[in-house]
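Peer 1: Okay, here's the prediction I keep looking at, along with the sequence it came from:
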Amino acid sequence: MSLSKREHDVLLYIADGLVEKEIALKLGIGQGTVHSYITSMKNKMNALTRAHAVSIYYREYPKWEIKA
């Protein structure tokens with residue numbers, strides 16, 4: 001299982017409690033792009049919500065590969 005570097009960054013910001021607008025500002029990208037990363041990440045993880053994605057990630061962390 002793998003996430004892109006950006007998907008991983010977005011996931012960690014979500015875990016820190018940031019919303020799309022705040023994540024976009026931190027990464028210097030648009031909110032729509034952040035939303036796309038979230039959708040892609042949730043699909044890869046079969047997660048229903050952002051919180052579910054964070055839970056899956058931390059529960060199964062050793063299995064996740066982060067690609068540059």
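Peer 2: Received, thanks. Numbers count the residues shown, from 1 in each chain.
Peer 1: what about the strands in this structure?
Peer 2: 2-4, 65-67 (DSSP state E).
Peer 1: What is the first one packed up against?
Peer 2: In other words, strand 2-4. Applying 3 or more Cβ pairs under 8 Å, 6 or more residues apart in numbering; DSSP states H and E, one finds that strand 2-4 contacts helix 31-45, strand 65-67. All C-beta spots, glycine's among them, are computed from the backbone N, C-alpha and C.
Peer 1: one step back: and the strands of the chain, which one averages the lowest pLDDT?
Peer 2: The stretch with the lowest average pLDDT out of the strands of the chain is strand 65-67, scoring a mean of 65.
Peer 1: Just list the residues touching Ile14, thanks.
Peer 2: Applying Cβ atoms under 8 Å, 6 or more residues apart in numbering to Ile14 gives the contacts 23, 38, 50, 53-54.
Peer 1: out of the helices and strands packed on strand 2-4, which comes closest to Arg6?
Peer 2: helix 31-45 (5.6 Å; Cβ to Cβ).
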